[in-house]
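Visitor: Kindly return the folded structure for what I paste below:
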Amino acid sequence: MRKADLVNKISDKTGIPKVDVLVTLETMFKEVKDTLASGENIYIRGFGSFITKKRAAKIGRNIKKNVAVHIPEHYIPAFKPAKEFSIEVKKLKEPKPDDGPGEDGDD
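Guide: Presented below is the predicted three-dimensional model:
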C-alpha cells in the first residue's frame, strides 16, 4: 500500500476530503520525524512506539578500496509494535503481494 492508497482508504471510511487527509498524514509524518530527530520517543498505546536505537561504534570496510573504516556511534529510527498489534499480524496466514512502485512490469 502506498501513501495515496492510504489517503483514499481513510477518506472513503471517514468521509473527510482527500486533501485534508493528506495534509493530516503529512503533518503526522513530519512530527514523527521532528520528534525522533530531537531525541524524544513517541508512544501510542495499542499501536506501538517510534523510538531511536543507539548503534555502537564499529569498524566497517570500504570494499572498493579494501580498507577499514571507522563508523562512529549513531542513532537510527525504529518502530516497536504494541503487543496487540503483533498478535494481529501473527494471525496473518500469507502476506499479500506488494504492488509497490517498480514491480508493475511496465519497464
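
Visitor: for this structure, what spans make up the strands?
Guide: Along the chain, counting by DSSP state E, strands occupy 42-44, 48-55, 58-62, 67-71, 74-81.

Visitor: Would you format those as TSV with mean neighbour count, distance to M1 and mean pLDDT included?
Guide: Quick note: C-beta positions are derived from backbone N, CA and C, even for glycine. Listed next are these as TSV, based on neighbours: other C-beta atoms under 10 Å; distance: least, C-beta to C-beta, whole Å; pLDDT from 0 to 100:
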stretch	mean neighbour count	distance to M1	mean pLDDT
strand 42-44	12	19	96
strand 48-55	14	17	95
strand 58-62	10	34	92
strand 67-71	10	34	93
strand 74-81	12	16	95
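
Visitor: Which one of those lies nearest to R2?
Guide: strand 74-81 (18.0 Å; C-beta to C-beta).

Visitor: ok, the residue nearest the centre of the chain to G39 distance?
Guide: Residue closest to the mean C-alpha point of the chain, counted by C-alpha atoms, centre = their mean, is F79 at 7.0 Å. According to C-beta to C-beta, to the nearest Å, F79 stands 17 Å off from G39.

Visitor: Kindly report the same for D5.
Guide: 32 Å.

Visitor: Any regions of the chain where pLDDT drops low?
Guide: Regions of the chain meeting the criterion pLDDT under 70 cover residues 99-107.

Visitor: buried ones in stretch 18-28?
Guide: 21-22 (16 or more other C-beta atoms under 10 Å).

Visitor: re the thing from before, export the strands of the chain as a markdown table, with columns for distance to L92.
Guide: Output for the strands of the chain, formatted as a markdown table (distance: least, C-beta to C-beta, whole Å):
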| stretch | distance to L92 |
| --- | --- |
| strand 42-44 | 21 |
| strand 48-55 | 16 |
| strand 58-62 | 35 |
| strand 67-71 | 35 |
| strand 74-81 | 13 |
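
Visitor: Compare those strands and give me the one nearest D34.
Guide: strand 42-44 (10.5 Å).
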